[in-house]
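Colleague: Pasting the sequence and the predicted model now:
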Amino acid sequence: GDIMSALTNLGVIPDVVAHFEPHATMQVTYGSSLKVSGGAVLPVPQTQHAPTVSWTAEPGALYTLIMSDPDAPSRATPKFREWLHWIVGNIPGDDISQGEVLCPYMGPAPPRGTGLHRYVFLLYKQPGRLSMKKLANAGKFHAKAYAEEHGLGQPIAVDFFQAENK
């Protein structure tokens, strides 16, 4: 639907993820009501605390959630693509609080004047419980490679927002 066209139109496919078939519906919300939806622009100050994320989970299944910014330091010159903002793995159902934090949440900090950055949430269904690599918030992260390394396959849901410091 709309999310797939937004992902393509704004280049999340192919910059962060290859074309994929969505198999779940994911809702990402900052605070009580600020929703992440198809590349909508959100104010940086309101995205500094981890959002609540829920999705249509299968009973007994484990999931991994990744958030990354492919536009580091800017979309025009993304030499640090991707900047890793968050990873939680081995999430039972959609209860993130019970998952394993593999990279702590870091809110968007786009350098002033570098235009809009895309902040992408990728949800993967795991083949089972995994021993996963812990990482720091840093550049040169590649969600595709991390997913391949851990046998996560393609994401089952993806959403994103944009933010900038003018």
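Modeller: All right, it came through fine.
Colleague: Just list the residues touching residue 129, thanks.
Modeller: 62, 90 (C-beta atoms under 8 Å, 6 or more residues apart in numbering). Every residue, glycine included, has its C-beta placed from N, CA and C.
Colleague: With residue 105 as the reference, measure out to it.
Modeller: Noted for residue 129: a distance of 22 Å to residue 105, by C-beta to C-beta, to the nearest Å.
Colleague: mind listing the helices for the chain?
Modeller: Counting by DSSP state H, the chain has these helices, from start to end: 2-9, 12-15, 143-149.
Colleague: so where is this protein shaky, pLDDT-wise?
Modeller: Applying pLDDT under 70 to the chain flags residues 1.
Colleague: most centrally placed residue in it?
Modeller: residue 121 (2.0 Å; C-alpha atoms, centre = their mean).
Colleague: hmm, back to that, closest to residue 53 out of the helices of the chain?
Modeller: Closest to residue 53 of those is helix 2-9 (C-beta to C-beta; 14.8 Å).
Colleague: now what about the closest one, what contacts it?
Modeller: 12, 13, 17, 22, 37, 38, 39, 158, 159, 160.
Colleague: got the end-to-end distance for stretch 42-61?
Modeller: 31 Å (C-alpha to C-alpha, to the nearest Å).
Colleague: Sorry, slip of the keys, the one I care about is stretch 73-82.
Modeller: Span of stretch 73-82 from end to end, C-alpha to C-alpha: 9 Å.
Colleague: distance of residue 37 from residue 2?
Modeller: Counting by C-beta to C-beta - residue 37 and residue 2 are separated by 9 Å.
Colleague: backbone phi and psi for the closest residue to residue 30 other than its chain neighbours, please?
Modeller: Spatially, and ignoring its direct neighbours in sequence, residue 30 is nearest to residue 51 (4.6 Å; C-beta to C-beta, 6 or more residues apart in numbering). With angles defined as degrees, to the nearest 10, residue 51 sits at phi -80, psi 170.
Colleague: Quick check, residue 51 in contact with residue 36.
Modeller: Yes - Residue 51 is in contact with residue 36 according to C-beta atoms under 8 Å; the separation is 6.9 Å.
Colleague: Show me the common contact partners of these two, please.
Modeller: Common neighbours of residue 51 and residue 36 (C-beta under 8 Å, 6+ apart) are 28, 29, 30.
Colleague: Fine by me, thanks again.
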